[in-house]
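1. fold the following.
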Amino acid sequence: MGAASLLEPPVVDEKLVEEPLIDELLVDESLFAEPLVEAVFCDEKLKKATIGKMGMVAFSLILMVGLAYIATQLSRDLSVVHTASVFPYLLLGLALLIALGFEFVNGFHDTANAVATVIYTNSLEPHVAVVYSGILNFIGVLLSSGAVAFTILHLFPSEMILKMDDGLGFAMIFALLLAAILWNLATWYGGLPTSSSHTLIGSIVGVVVVFHWMQGGSAAAGINWEPMKKVFEALLISPVVGFTMAGVLFLLFKLTAKDERLYTAPKGDTPPPLYIRALLILTCGGVSYAHGSNDGQKGMGLIMLILVGTMPTAYALNHAMGAGPVQEFVVSSTQLAGVLDKVAPQAAAVPDAESELKKFVTTKRYDPEVVVALRQTVIDVRNQAQAAGTLANVPQNMQTKMRGQMYLSGETLRLLTSGGLTGSASPKITAADAKVVASYQKDLDRSTQFIPSWVKVAVALALGLGTMIGWKRIVVTVGEKIGKTRMTYAQGASAQMVAMTTILAAGAYGLPVSTTHVLSSSVAGSMTANRSGLQWETIRNIATAWVLTLPAAALLSGSLFWLFNSLVK
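-> Numbers count the residues shown, from 1 in each chain. Just a heads-up that it's a prediction; the model follows:
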């Protein structure tokens, strides 16, 4: 070989290194026709992605501290329970395991949506993104208000809530949680970003319908339509908001930000410009936090049903309500009794007030005896609370009964003030009296609608741990298979900003929404606004899964409920 040839650069086949090779792969839709296609853009990165030693050490420490805290607090709560049987403890342990299993599956099914954008825009390495998302989910659960949790509980009809401390109640809880877990696992295995919220609502509908069918009543009549309507409106409207607003926001990016790098697909592992990278990381954390604060509450509500059913002595009433709040409750009870006196003056006493209220909240048929029974119940509960001084001092054998009376009083007032009753004309409540009713209902909620801190920690751990384990399948679908081109920085930022604000706003109003629905539709909206094109086969698959989720979960939960109820009879 001559000296001249040694100085010449080696011949390289330019087809092997040109970027258009990637472009050719992108427009070849057949690559995406097969299920669970390996990542085109981040294939090697995702294959090699692990949580990392530091991440595992950090989360292990959090897990150990959290478990120690849960054990300490749970032991303290159960110290007031005196029973010779070990069965309630076994039932409690099994129910908590299944409920936390739902949150664990929810974590690796839903939270992958939050990290897809930062991974596919090279803003964060996968293992860093997953740990970051897990931590923000954890914080979101801990700081959640609990409003969504009790919205979920209001989906159950009154007669089911009142049976929560018997075998029927446990059959219901086990059936709906197992159905939700099984459907979530099936769709996760298929890489389909379906909604855990949608799944849970479908499971609740299934057990409610079968419950009323078993009682010989109309299945549709058993559904608590007022709160169910609000939940369905939130679940249906939020994806439309996500799609529309993400598209609008992307167009605003184009009008105001002229940096061409924002609208170009990332090259290799090149990170985005610092300012957009900071925004992407911030909104990834925001979506994760919002997911924890909204989705985490769904498990909390169900866990509270479990706790009240298995250990009513410890959890039927809020033992944190001391002398001051109890005295406020006594005052509001007296004021409400005065309002009810005006509605039904000098009426004869009802022999069994509790039975009268149960009949009313079940049939929604009003007659004047309802107000009399309500006044008797309000006075009875007031006297018990006043005699005890604090809710923790209410005698153990009276706590379940007192909670039931509070629940019936609250449901009766809600029905009386919302209208839509049959029978005699419902009583007229003036604006001034409505304020008294609202004050009393607020005190009732404070007495029974509470979430112990250890429950939040347990849900946070389950959700955070799930986030770090099963995220890859859904990430590939969101990051690659919705649009025909690789996600740009502006598209990722638009999708995440809209998803974050939508989920946080829903949580503020106590409405359960789907992180999956909102973020997936936001990604599609940004792709559409950019005229990038959508992979319609993937869109059809996701839409089909969304449509099938509710009936499939309802059918599965209803079948399991019937089976479990047959076993406990």
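
2. N530 reaches T264, doesn't it?
-> No. With contact defined as Cβ atoms under 8 Å, N530 does not reach T264; the gap is 11.1 Å. (C-beta placed from N, C-alpha, C; glycine too.)

3. neighbour-wise, which of these two wins?
-> N530 (21 against 12; other Cβ atoms under 10 Å).

4. return the residues in contact with that one.
-> Residues in contact with N530 (Cβ atoms under 8 Å, 6 or more residues apart in numbering) are F250, Y263, T488, A490, Q491.

5. what's the answer for L408, then?
-> Contacts of L408 (Cβ under 8 Å, 6+ apart): S158, L162, E354, L357, K358, V361, T377.

6. would you mind giving the domain segments of the protein?
-> When the chain is parsed with automatic domain parsing, its domains come out as 41-315+452-568, 323-448.

7. how far does the last one sit from the chain's center?
-> Read that as domain 323-448. 30 Å (Cα atoms, centre = their mean, to the nearest Å).

8. now do the end-to-end distance for that domain.
-> Taking Cα to Cα, to the nearest Å as the measure, domain 323-448 stretches 16 Å from start to finish.

9. which residues do N530 and T264 both contact?
-> Contact criterion Cβ under 8 Å, 6+ apart; residues shared by N530 and T264: T488.

10. how many neighbouring residues does the nearest residue to L78 once chain neighbours are set aside have?
-> Nearest in space to L78, with sequence neighbours left out and distances taken as Cβ to Cβ, 6 or more residues apart in numbering, is A314 at 5.8 Å. A314 has 21 neighbours, counted by other Cβ under 10 Å.

11. do the same with G525
-> So G525, with other Cβ under 10 Å, has 26 neighbours.

12. same thing with the one 4 residues further on?
-> Neighbouring residues of A529 were enumerated by other Cβ under 10 Å; the total is 22.

13. again, but for G146
-> Neighbours of G146 (other Cβ under 10 Å): 18.

14. same check on Y120?
-> For Y120, the tally of surrounding residues (other Cβ under 10 Å) stands at 27.

15. could you find the closest non-adjacent residue to P272?
-> Leaving aside its sequence neighbours, P272 sits nearest to Y489 (Cβ to Cβ, 6+ apart; 4.5 Å).

16. for I135, give its distance to V80.
-> Going from I135 to V80 by Cβ to Cβ, to the nearest Å gives 34 Å.

17. ok, back up a step: now the domains of the chain in CSV, with mean pLDDT?
-> Shown next, in CSV, are the domains of the chain (pLDDT from 0 to 100):
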stretch, mean pLDDT
domain 41-315+452-568, 81
domain 323-448, 88
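
18. any idea which of these is most buried?
-> Compared across the domains of the chain, domain 41-315+452-568 shows the largest average neighbour count, a mean of 21 (mean count of other Cβ atoms under 10 Å).

19. could you find the closest non-adjacent residue to the residue nearest to the spatial centre of the chain?
-> With distances taken as Cα atoms, centre = their mean, the chain has D295 as the residue nearest its mean C-alpha position (2.6 Å). Nearest non-adjacent residue to D295, counting by Cβ to Cβ, 6+ apart: N106, 5.7 Å away.

20. the helix or strand where that neighbour lies packs against which elements?
-> Assigned by DSSP states H and E, N106 belongs to helix 87-110. Packed against helix 87-110 by the contact rule (3 or more Cβ pairs under 8 Å, 6 or more residues apart in numbering; DSSP states H and E) you find helix 167-189, helix 196-214, helix 274-310, helix 453-467, helix 515-529.

21. quick one: it to chain centroid distance?
-> Remark: helix 87-110 is offset 14 Å from the chain centroid, using Cα atoms, centre = their mean.

22. and after it, which helix or strand comes next?
-> Remark: after helix 87-110, the chain's next helix or strand is helix 112-120, criterion DSSP H and E.

23. returning to that earlier point: got the contact list for the residue nearest to L78?
-> A314 is in contact with D77, L78, V80, V81, L307, counting by Cβ under 8 Å, 6+ apart.

24. what two of these have the greatest distance between them?
-> The largest separation in the contacts of A314, counting by Cβ to Cβ, is between V80 and L307 at 12.9 Å.

25. tell me which of the contacts of L408 fall in strands.
-> Judged by DSSP state E, strands contain none of the contacts of L408.

26. ok, of the residues you listed, which one's closest to D367?
-> Lowest distance from D367 to the contacts of L408 (Cβ to Cβ) belongs to L357, with 12.1 Å.

27. right, and L177 touches S203 too?
-> Yes. Between L177 and S203 there is a contact under Cβ under 8 Å: 7.5 Å.

28. packing partners for the helix or strand containing L374?
-> Using DSSP H and E, L374 falls within helix 369-388. Where contact means 3+ Cβ pairs under 8 Å, 6+ apart, helix 369-388 is packed against helix 323-343, helix 353-363, helix 396-418.

29. go with 10 Å
-> Counting contacts by 3 or more Cβ pairs under 10 Å, 6 or more residues apart in numbering; DSSP states H and E, helix 369-388 packs against helix 323-343, helix 353-363, helix 396-418, helix 431-448.
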